[in-house]
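>>> Can you look at this prediction? I've put the sequence above it.
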Amino acid sequence: MILLISLAFLFALPADTFGAPTNVAPVSGQAISLLRRNQFPRDVTQWGALAKRQRDNLIAKYGGATTRKRSTGYNLIVDQQYDSSYYGSLAIGTPAVSFDVKLDTGSSDLWLASSSCGTSCGSVSTYNPSSSSTFQNLSTPFTIQYTSGFADGYVAQDTVQMAGFSVASQGFAVVDAVSQAFLASPVSGLLGLAWQSLASSGQMPLWQILASSNAWDSALFSVQLTRYNNDPTAQVLEPGGVLNMGYTNSSLYTGSIDYIDIPGTPSYWYIPLISMTVQGNSISIDSGTTAVIDTGTTNIGGPASSVQAIYAQIPGSQPATGDWEGYYTFPCSTTVNVELSFGGATWSISPADFAFTQTNSTVCIGAFFETTTGTGSPSWVIGDTFLKNVYSVFRYNPPSVGFANLSIIAIAENGAAGTVPSATFGTISAAVTNTSDAPRGHALSASFFTLLLLAFSAVLLL
């Protein structure tokens, strides 16, 4: 009886289970009509990309020698609220839906406001998990605290596209509660660009997946930010520069890139802060001092004693009060020159960036403010006040941050009248699947289940 059951089971399996031929055979001499479609309209760049992919695929398929050239992409940035914040764009889900996200090298989580977020999310565009066929809820709570607010929700996975790259099963957080006024339209979330060890979700950041999977020509990304805070005609949204993924754009900088290695385990993009001068006078910096390079912070925060020493070099400066506590005022008529060194070259901060804003026609607020950081954390946070003055590079291996002088082309973009960029995703040039954070407890695949049944049947036959 057991033998009959086993044989019946085996005969019930589809023929292709064992690689057997089917009973559908082509008719000898049968003609199949071919329809030649009109050529899809492409420009020369698109045709060139297609030709390159075809050649690279053939070489890989047939074993020819290759340097395994990979891919690059870029994402146009928007300057929001007079250099207060910079955001880019990405698409998520199947079908893909675009969202604007703040670009933050000072944190590591990607999160988006969800369709279940209440009034705290305001009028921003929200992500609807039920609209994506590739969404997967990992059922893990998520919470993150920033100096300017918090975000709460749960961890999930979905396909994310950015700058011509696609990552399947990218971990991110679906947020259903944020601090009041934390999101300013049109921004719907945040893209963390620091290292996985810092991620509150535990998920590997998008950039790190692409860098570690060899999807990029070079395992790095770079940033150029524009300046509009000194332009009286500037609008709330202005062209903000560019995020280059997998390469450095040589048209945006001059000279060489000065790299400084991260001095320990990568978490933040932190590097030694060696020296600082204000009005040509040195500010005392303790040995072993480190600084986070943070695109998500508008200004520059440091220890109270050092910040006090900075403003001591500026006649007429004094501590600000009220909401401005921790900041300092100084006469707007004073041109303040600041230089920083991280162990290599010396970099200047424009006086226009040192003057964060004005309280009246004669009194300005300085961009350096007093702050405290947690035990073991870098004591300085270097934000956009500095980064608008350099071309910045964030390198995967060895983990390091690089700076270069801005080119004439890049400098000319400051305050320039231009069109605010729309979402830029690019044609997908490389696609990878995130395997570092794959959910556990999946059901057995059908093929594996079939093998188990066969093995069980064989045991019964014995």
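Cool, the structure landed.
>>> could you pull out the helices for this structure?
Assignment of helices within the chain using DSSP state H yields the ranges 2-12, 44-62, 206-212, 304-311, 351-354, 384-387, 408-412, 446-461.
>>> count of residues packed around residue 100?
For residue 100, the count of nearby residues is 21 (other C-beta atoms under 10 Å). C-beta here means a position set from N, CA and C on the backbone, and glycine is covered the same way.
>>> Next one: it relative to residue 144, how far apart?
19 Å (C-beta to C-beta, to the nearest Å).
>>> go on, residue 436?
Distance from residue 436 to residue 144, by C-beta to C-beta: 19 Å.
>>> what sits against the closest residue to residue 319 other than its chain neighbours?
Of all residues not flanking residue 319 in the chain, residue 328 sits nearest, at 5.8 Å (C-beta to C-beta, 6 or more residues apart in numbering). Taking C-beta atoms under 8 Å, 6 or more residues apart in numbering, we find residue 328 in contact with 307, 311, 317, 318, 319, 320, 365, 366, 368, 369.
>>> one more time with 10 Å
If you count contacts by C-beta atoms under 10 Å, 6 or more residues apart in numbering, residue 328 has them with 307-308, 310-312, 314, 317-320, 364-370.
>>> go on, residue 243?
73-77, 86, 88-89, 103, 162-163, 191, 193, 207, 221-225, 295, 424.
>>> Can you pick out the ones from those that are in strands?
When the contacts of residue 243 are checked against strands (DSSP state E), the matches are 73-77, 86, 88-89, 103, 162, 191, 221-225.
>>> Isn't residue 154 up against residue 135?
No - Residue 154 lies out of contact with residue 135 (C-beta atoms under 10 Å); the separation is 11.7 Å.
>>> Find the residues that touch each one of those two.
Residues within reach of residue 154 and of residue 135 at once, by C-beta under 10 Å, 6+ apart, are 129, 174.
>>> Determine the number of other residues adjacent to residue 335.
11.
>>> Spatially nearest residue to residue 227, not counting backbone neighbours?
residue 414 (4.2 Å).
>>> check contacts around the spatially most central residue of the chain.
The C-alpha lying nearest the average C-alpha coordinate of the chain belongs to residue 193 (C-alpha atoms, centre = their mean; 4.3 Å). By C-beta under 10 Å, 6+ apart, residue 193 lies in contact with 88, 103-108, 110, 205-208, 221, 223, 243, 269, 294-296, 394.
>>> right, and residue 125 touches residue 92 too?
No - counting by C-beta under 10 Å, residue 125 stays clear of residue 92, with 11.3 Å between them.
>>> excluding its backbone neighbours, what's nearest residue 200?
Closest residue to residue 200 apart from its sequence neighbours, by C-beta to C-beta, 6+ apart: residue 144 at 4.3 Å.
>>> got it, and residue 354?
residue 336 (4.5 Å).
>>> what does residue 181 give?
Residue 181 sits nearest to residue 122 (C-beta to C-beta, 6+ apart), 7.4 Å away.
>>> Tell me the pLDDT of residue 6.
Looking at residue 6, its pLDDT reads 46.
>>> just use 767 as the starting number from now, easier for me
Will do, 767 is the new start, and the previous item becomes residue 772.
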